[in-house]
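*Asks:* Sequence and computational prediction follow.
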Amino acid sequence: MEALVDGWARGGGGRSGTEADADQVAVAVGPDAVTAGPGADADAMAARHGADAVAAGRGADAMAAGPGADADVSGRTGWTPVNSPTVRDRSTPSRTDPAPEAAPPTDLAPPPGATAGPPPPPPGVAAGSPAQAPDATPAPPTAATPFPPPPLLGVGVALPGPLDHTRGVLHRVTGFAEWDGFPLRDALGERLGVPVAVDKDTNAAALGLAVAGERGSFAYLHLGTGLGAGLVIDGVVRRGARTAAGEFGHQVVQLDGPPCDCGDRGCVEALCLTAVSRGDLAEAARVLGIAAGNLVALLDIDLVLLGGRTVTGAPEMFLRGVGAVLDERARRAGEPPVPVRTVPGDIAEGAAQLVLAPLFGRADA
């Protein structure tokens, strides 16, 4: 088996943003935030475009002002009142200005029973932590307070065929014939306690390509430890009445060819893998092109996409070989040639779409 790929589809979004430094508070209530590191000058002041937030260094008091207010930054335990000369002279109140507030006294003795020192931190702020404005946006979660994990919506599994997509039962999977009849979907669902979808890797890759924006009718041909196809006709993944469509590698093109694991002789898969095993990639590409031409003639598709471990190891070789066969066929028929491209064929993403795509209205997942 080339791969057993789990597509884990989780709901919700991820984290974004940056963590604030341990010695710094960053408050982002309004469009502009002011920050100051530890030991900032007591007279440092920042007011930018009506900033709505203030940040202060370690051990400092912080205050938040409304839009258009002055924002102060201090690295000491005191604070600069809004009527301080270092900010603006508001000693003469106007009809629209509120009466100036007196600066809090700094030379009062502590009340009986109290000890001298910095004021206690506000609720929710540990002692020794930077102060934070009461109306400020909370700092993002850290490793100590992570976001709760989002719920698991389900599990998508993509693996070589043949298999029954509707019931989630494996048949004689390429390379693992002993799995024939194994109810993989039900076994995983019982173990994990979530919905499980099982499909062929080629179908999952084709679904992922369709969701990502490939339009029209195309065939995704995957050459790795085996050879298969994912078929998208008019934008919809086609699996057939028994979900067995796409066993592309088992079309016979040479009656007296080498035996195939399926029991026939001269299958495209057997011919391609035999050529690959002896290092003749040009012959493997030519045979793949002949089979792709049969598919183009049968289904009248718009595009042939190539992927899989063998193709990605020599993409130019397979593009030239398959393209040459399709071009010659089109020339004889008097038709424009069908384009050929290589694609990553992200099977894991396609497996995730087996779970996610139905939630967004796709009925072919």
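*Replies:* Nice, I can see it. The model shown is predicted, which means the values in this text are computed figures rather than measured ones.

*Asks:* Need the mean per-residue confidence for stretch 296-316.
*Replies:* For stretch 296-316, mean pLDDT is 96.

*Asks:* Also stretch 320-334?
*Replies:* Here the average pLDDT along stretch 320-334 is 96.

*Asks:* what residues does that stretch touch?
*Replies:* The contact list for stretch 320-334 (Cβ atoms under 8 Å, 6 or more residues apart in numbering) reads 281-282, 284-286, 288-290, 292-293, 296-297, 304, 306, 336-338, 340. In this view, the C-beta of every residue, glycine as well, is placed from N, C-alpha and C.

*Asks:* Stretch 251-267 now?
*Replies:* With Cβ under 8 Å, 6+ apart as the test, stretch 251-267 has contacts from 172, 174, 177, 249-250, 268-271, 274, 287, 290-291, 294.

*Asks:* same thing but 6 Å
*Replies:* Stretch 251-267 is contacted by residues H250, V268, A270, L271, T274, I290 when judged by Cβ atoms under 6 Å, 6 or more residues apart in numbering.

*Asks:* In strands, which of these appear?
*Replies:* Among those, none falls in strands (DSSP state E).

*Asks:* Where helices are concerned, which of those residues count?
*Replies:* Using DSSP state H, the subset of the contacts of stretch 251-267 located in helices is V268, A270, L271, T274, I290.

*Asks:* Quick one: buried ones out of these?
*Replies:* The neighbour-count test (16 or more other Cβ atoms under 10 Å) marks V268, A270, L271, T274, I290 as buried among those.

*Asks:* secondary structure class for the residue nearest to the third one when sequence neighbours are not counted?
*Replies:* Okay, so that is L271. Spatial nearest neighbour of L271, chain neighbours left out: V287 (4.8 Å); criterion: Cβ to Cβ, 6 or more residues apart in numbering. Following DSSP: H, G, I helix; E, B strand; the rest coil, V287 is assigned to helix.

*Asks:* Excluding sequence neighbours, find me the nearest residue to P315.
*Replies:* T342 (4.5 Å).

*Asks:* hang on, that neighbour packs against L305?
*Replies:* No: contact criterion Cβ atoms under 6 Å: T342 and L305 do not qualify, at 7.4 Å.

*Asks:* what about these two, which has more around it?
*Replies:* More crowded of T342 and L305, by other Cβ atoms under 10 Å: L305, with 24 against 16.

*Asks:* isn't the more buried one right up against Y220?
*Replies:* Yes: look at L305 against Y220 with Cβ under 6 Å: they come within range, at 4.7 Å.

*Asks:* All set, thanks.
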